[in-house]
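**Q** below is the sequence, then the predicted model.
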Amino acid sequence: MLLQKLGFNIPINAWIVFINSEFTLYQAPLDSPIIFPTQINRFLKKLDRNTSKITQKHRALAEKLVSLHIQESPYKQLPTYEYAQLQKGISCKMCGGISVLIEGKTCICTQCGQQEPVESAVLRSVKEFKLLFPNERITTNVIFDWCRVVKSKRKIGEILKRNYKIVGVHQWAYYE
């Protein structure tokens, strides 16, 4: 539809590609344009073998599509929230529960029993924080408060130093 509006009448072939290796579709029609996980590599190799000449029309289409690219979604309607309103703590990567305890170097969810190394749980929490507060700086104090269950600021600082670049010194230091 978009290509026709732009004045391009290029034939389009469409396929449905299932990427989940644990997915099974029973009784799928044999003539359907479906690519299953076990067929993806073969399909991509077949596409690579089908080379064609790129014409000026293709280049014009590519330039037009690039010019229409939208960086920010106009449909983004996020609820308003403030840091103080949000429940702090490390969430379970399996069930999403916030009842996570630390035993040694392992986070353990008291709801589902899922275990995860403290470092990966803290790094996941940093990503969540950055998603929720993209304009805030990542500091040891902020992440210590955000994670709550890690009882040592020093441990948070060590994890951040290993995985991020430090900018600044002492109390003005933050991580990128």
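**A** Great, that's in hand. Keep in mind it's a predicted model, so treat the numbers as computed, not measured.

**Q** where does this structure have low pLDDT?
**A** Within the chain, no stretch has pLDDT under 70.

**Q** please repeat the previous calculation with a cut-off of 80.
**A** Under the criterion pLDDT under 80, the flagged ranges of the chain are 51, 75-78.

**Q** can you give me the strands in it?
**A** Under the criterion DSSP state E, the chain contains strands at 16-17, 34-35, 100-103, 106-109, 115-117, 166-167, 174-175.

**Q** give me the residues contacting the last one.
**A** Spelled out, that is strand 174-175. Residues outside strand 174-175 that contact it (CB atoms under 8 Å, 6 or more residues apart in numbering): R137, I138, T139, L160, K161, Y164, K165, I166, V167, G168. Every C-beta, even on glycine, is put in place using the N, C-alpha and C of the backbone.

**Q** as TSV, the residues you listed with distance to F43 and neighbour count would be great.
**A** What follows is the contacts of strand 174-175, written out as TSV (distance: CB to CB, whole Å; neighbours: other CB atoms under 10 Å):
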residue	distance to F43	neighbour count
R137	45	13
I138	41	17
T139	47	18
L160	42	22
K161	44	13
Y164	38	14
K165	39	9
I166	45	13
V167	45	12
G168	49	11
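
**Q** okay, these in a markdown table with distance to Y26 next?
**A** Shown next, in a markdown table, are these (distance: CB to CB, whole Å):
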| residue | distance to Y26 |
| --- | --- |
| R137 | 51 |
| I138 | 47 |
| T139 | 52 |
| L160 | 48 |
| K161 | 51 |
| Y164 | 46 |
| K165 | 50 |
| I166 | 53 |
| V167 | 54 |
| G168 | 58 |
